[in-house]
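J.: coords please:
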Amino acid sequence: EATYGYLVRRPQVEEGKGEKTVFAPVEAVKNYLAVLQNRASRAKILGWIFGGELPDDRFLEGKSFKINADEEREVFWMISHAERKAVLYNALMGENGLFEISDSSSSWEREIFDSFLESFYKNNFQTLLKEEKGDEAMESTLKIIFFEVFKHYSTPRRVELFQAITKKMQELRLKKEKLTAAQTIRLFLEQVGVVGIKAGQVLSEQRGLVSDEVKAELSSLRDQAAPFAKYGVFTYLRTAGLMEGKPTAQAPFQISEVGECLGSASIKQAHKAWTTERKAVVVKVPRPTIDKNFQEDVKVLKEVMGALNEAGAKVPKFLLKEVVDACTKEFDFGFEGAAQHDVDQRLYERKASVVLPTEAIRLDVPDIAFLLRRGESRVENLQLLIDEYVPGLNLAEVEEYQRLSREPLGAAKQQARKTDLEQKINNIYQEHAGFVRTDYKNFPTEALRAQLAVDLIEQITVDGVFHADLHSGNIILDLQPKAKRIALIDFGSVGRSV
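T.: Numbers count the residues shown, from 1 in each chain. Alright, predicted model coming up:
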């Protein structure tokens, strides 16, 4: 705090400009970094900022800007994310950009690029692994992913990845924490776009391929990928004619409000929304850049997997094909809509339910309220899927709520999380919230899991179509008194056995 106050908030009065206040150290550092034209200088300065050694000529280079190296490093981490982003774009892209590497680059330019990456990796990740006492396999995996991703991506994607890493580093610095090796691997796969996220999902379920720490981190890629801004959802809705104010032949209802993000995964993002009649729905839209980046993502993942296999990691041969096939199907909302309809129809026909120790609860699938398939709009590749909103907690939240209700709440973070879950229950069930909270606390989740496994077998052997991604985030427990149901959601991944 003292450093921040001195370097960032310390006001100074410029000579000859009256009482005009400026933030001299911050502006000096930003100006200095902005004017560097030499790749070698950029590599030296950024290397120092990210934990490297102080260059011998560092003070001479900065002398005319009246700054020293310690100020430069501290100010870089204290300025806003937007300012830091601008500094990095100036240093990494453009005519002398450190990350501007292509087939036509000289050996000298490649040497500077490689040397900077080696320094960044050594000072941030290799040191991290030693502190964590990670095994050789973990170190090898992280190093291969790091260098292969930066080596094979285009310059804009390299810069995006580097920006994401530095943003995460800053968030943890403010909390006085460090990026773990497992978090780093997840961060890299997340930046390898939809293909990397899907690969992380598959890897998280492979036994013996990655450590338990990495497996736990990758499992959160299921429905917790970084969300894109909400205004993107408005763009989809306006283009589809769903925010015109009155229903049309193509749009049987209109959306009046878009709320919280319910989940952001590899292919799409889901938001709760309300129609003009105040009916709650779930709006699902694809990630804006999935088509544009898909081929490049596949190419990079192929290089990463090849390098891992050469190092003896034994990545399954089927992994890349399975990931590409799954992504291709999930890109098509028409495929998801048809699969959702088919599963719903089969469950309805056999009156599917889960039989628990004290009651039987109906097994259900949300109704589709609106589906815009690829090719049905005047805008190329526009897709949209709107489902009935199913209230309630998902199975992962119910199990977390039960755990927090049983254990003493020592940490403020645990207490806050329990309060958040109870507030969610209150908002959904209103006057029935007290009864529903009790039901959630006592719900037999293990029995539910067993019954869902039995029903999944029936889906495969009898129905001929089955939910292929039935993790706890895709199971909603709606415990409305006298109208309880267990709803299966997200049919982007569905299998057919006939």
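J.: straight-line length of stretch 91-110, end to end?
T.: Length of stretch 91-110, first residue to last, CA to CA, to the nearest Å: 16 Å.
J.: give me the below-cutoff pLDDT ranges for the stretch 51-200 of the chain.
T.: Across the stretch 51-200 of the chain, the ranges flagged by pLDDT under 70 are 55-72, 128-135, 138, 179, 191-195, 198-199.
J.: the strand or helix carrying residue 197: what's the following helix or strand?
T.: Element membership of residue 197 [criterion: DSSP states H and E] is helix 193-203. With elements assigned by DSSP H and E, the helix or strand that comes after helix 193-203 is helix 212-219.
J.: I'd like the next helix or strand past that next one.
T.: Assigned by DSSP H and E, the successor of helix 212-219 is helix 231-239.
J.: for that following helix, packing partners?
T.: Using 3 or more CB pairs under 8 Å, 6 or more residues apart in numbering; DSSP states H and E, the elements in contact with helix 231-239 are strand 255-264, strand 280-286. For glycine as for every other residue, the C-beta is placed from the backbone atoms N, C-alpha and C.
J.: and it with strand 280-286, angle?
T.: 100 degrees (axes from the mean of the first three to the mean of the last three CA atoms, to 10 degrees).
J.: how far is helix 231-239 from where the chain is centred?
T.: Put simply, helix 231-239 sits 20 Å off its chain's centre (CA atoms, centre = their mean, to the nearest Å).
J.: which element follows the helix or strand where residue 149 lies toward the C-terminus?
T.: Element membership for residue 149 (DSSP H and E) is helix 136-152. Downstream of helix 136-152, the next assigned helix or strand under DSSP H and E is helix 155-174.
J.: still on that earlier bit, please produce CSV containing the helices and strands packed on helix 231-239, extended by mean pLDDT and distance to residue 38.
T.: Compiled in CSV, the helices and strands packed on helix 231-239 are given as follows (pLDDT from 0 to 100; distance: least, CB to CB, whole Å):
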stretch, mean pLDDT, distance to residue 38
strand 255-264, 88, 40
strand 280-286, 93, 42
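J.: is it possible to get a markdown table of those strands that adds distance to residue 164 and mean neighbour count?
T.: Putting these into a markdown table (distance: least, CB to CB, whole Å; neighbours: other CB atoms under 10 Å) gives the following:
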| stretch | distance to residue 164 | mean neighbour count |
| --- | --- | --- |
| strand 255-264 | 15 | 16 |
| strand 280-286 | 20 | 22 |
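J.: now do residue 372 against residue 310, distance only.
T.: To residue 310, residue 372 is 44 Å away according to CB to CB, to the nearest Å.
J.: confirm that residue 298 sits in a helix.
T.: Yes. Remark: residue 298 belongs to a helix, assigned using DSSP: H, G, I helix; E, B strand; the rest coil.
J.: from residue 176, how far off is it?
T.: For residue 298, the distance to residue 176 - CB to CB - is 39 Å.
J.: compare these two (neighbour count), which wins?
T.: Comparing residue 298 with residue 176 by other CB atoms under 10 Å, the one with more neighbours is residue 298, at 18 against 6.
J.: can you give me the neighbour number for the nearest residue in space to residue 88 that is not next to it in sequence?
T.: Of all residues not flanking residue 88 in the chain, residue 163 sits nearest, at 6.1 Å (CB to CB, 6 or more residues apart in numbering). Residues near residue 163, counting by other CB under 10 Å, number 17.
J.: verify the stated contact: residue 372 with residue 332.
T.: No. Residue 372 sits out of contact with residue 332 when judged by CB atoms under 8 Å, with a separation of 12.0 Å.
J.: any residues in contact with both of these two?
T.: Between them, residue 372 and residue 332 have residue 383 as joint contacts when contacts are counted by CB atoms under 8 Å, 6 or more residues apart in numbering.
J.: which strand or helix spans residue 363?
T.: Assigning secondary structure by DSSP H and E places residue 363 in strand 360-364.
J.: buried sites along that strand?
T.: Using 16 or more other CB atoms under 10 Å as the test for burial, strand 360-364 gives 361-364.
J.: farthest pair in those residues?
T.: In the buried residues of strand 360-364, two members sit farther apart than any others by CB to CB. They are 361 and 364, at 9.2 Å.
J.: who touches both of the two?
T.: Between them, residue 361 and residue 364 share the contacting residues 485-486, judged by CB under 8 Å, 6+ apart.
J.: what's the burial count for residue 185?
T.: Residue 185 is flanked by 24 other residues according to other CB under 10 Å.
J.: so what's it up against?
T.: Residues in contact with residue 185 (CB under 8 Å, 6+ apart) are 141-142, 145, 210, 214, 217-218.
J.: where does it fall, secondary structure wise?
T.: helix 181-191.
J.: angle of that helix against helix 212-219?
T.: Per the same axes, to 10 degrees, the angle that helix 181-191 makes with helix 212-219 is 30 degrees.
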